[in-house]
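*Asks:* prediction below, plus the sequence it came from.
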Amino acid sequence: MALSKYNGMQDTMPNTFSAMLDRFFNESVNSRNFSDFTPHVDACETDKSFEIELALPGVKRDDINIDFQEGKLTITGERRLEKKEDGRRYHMLETQYGAFSRTFYLPDNVNPDKIKARLEDGVLQVSVPKDEHKTMKRQISIAAPEENKEKNVTKKVSAEADGKAKA
């Protein structure tokens, strides 16, 4: 056994950087507030839609609400902790429980009337299709200066003709 000088901090300070990180993460995980649940999200865009997937293991379909208003897709719900009191004593409880809310801001080229959602194997899949008319590429031609002058002359002539017809 090696002798080392006691400075009163050996019990509280980790010996290595790795031990310090382990302690930090263990303490932050174990001191979490279990009234909040933040589901993990995967979101992507395809040519035809926006696809959003939320990991919601143990959440029932009836406990999820999906709203779309003014370009915001909001998914709310709750994951309930159902403790089974049949002689169990938890030594560690790392699963998150509680209410959650996730909001996604979408561009104005979506079609909210065709949003679809399904819950399968603990994964909520939401598909927000793009509006085909808003996403179609259009080529806009620029009028030549001569065309603008011709249109103005035509308007003047027709306005004068309307004025003479009324008189």
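*Replies:* The structure has been received and is ready for your questions.

*Asks:* where does the protein dip in pLDDT?
*Replies:* Low-confidence segments of the chain (pLDDT under 70): 1-15, 17-35, 84-85, 135-136, 147-167.

*Asks:* got the residue ranges for the helices in it?
*Replies:* 17-30, 132-135, 145-166 (DSSP state H).

*Asks:* as CSV, could you dump the C-alpha coordinates of the second one?
*Replies:* Taking Å, rounded to 0.1, in the frame of the first residue of the first chain, the C-alpha atoms of helix 132-135 are listed here in CSV:
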residue,chain,number,x,y,z
GLU,A,132,-48.2,20.7,-54.2
HIS,A,133,-49.4,24.1,-55.6
LYS,A,134,-47.2,26.0,-53.2
THR,A,135,-44.1,23.9,-53.9
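
*Asks:* mind listing what's buried in it?
*Replies:* By neighbour count with 16 or more other CB atoms under 10 Å, helix 132-135 contains no buried residues. All C-beta atoms are positioned from the backbone trio N, CA, C, and that covers glycine.

*Asks:* what does stretch 82-101 give?
*Replies:* 96-97, 100.

*Asks:* where exactly do the strands run in the chain?
*Replies:* Here the chain has its strands, by DSSP state E, at 41-45, 49-55, 64-69, 72-79, 98-105, 116-120, 123-129.

*Asks:* which of the ones you listed sits closest to Pro145?
*Replies:* strand 41-45 (40.5 Å; CB to CB).

*Asks:* packing partners of that closest one?
*Replies:* strand 49-55 (3 or more CB pairs under 8 Å, 6 or more residues apart in numbering; DSSP states H and E).

*Asks:* beta partners for Gln69?
*Replies:* Lys72 (DSSP bridges).

*Asks:* and the strands of the chain as CSV, adding distance to His91?
*Replies:* Below are the strands of the chain laid out as CSV (distance: least, CB to CB, whole Å):
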stretch, distance to His91
strand 41-45, 30
strand 49-55, 25
strand 64-69, 31
strand 72-79, 21
strand 98-105, 21
strand 116-120, 31
strand 123-129, 29
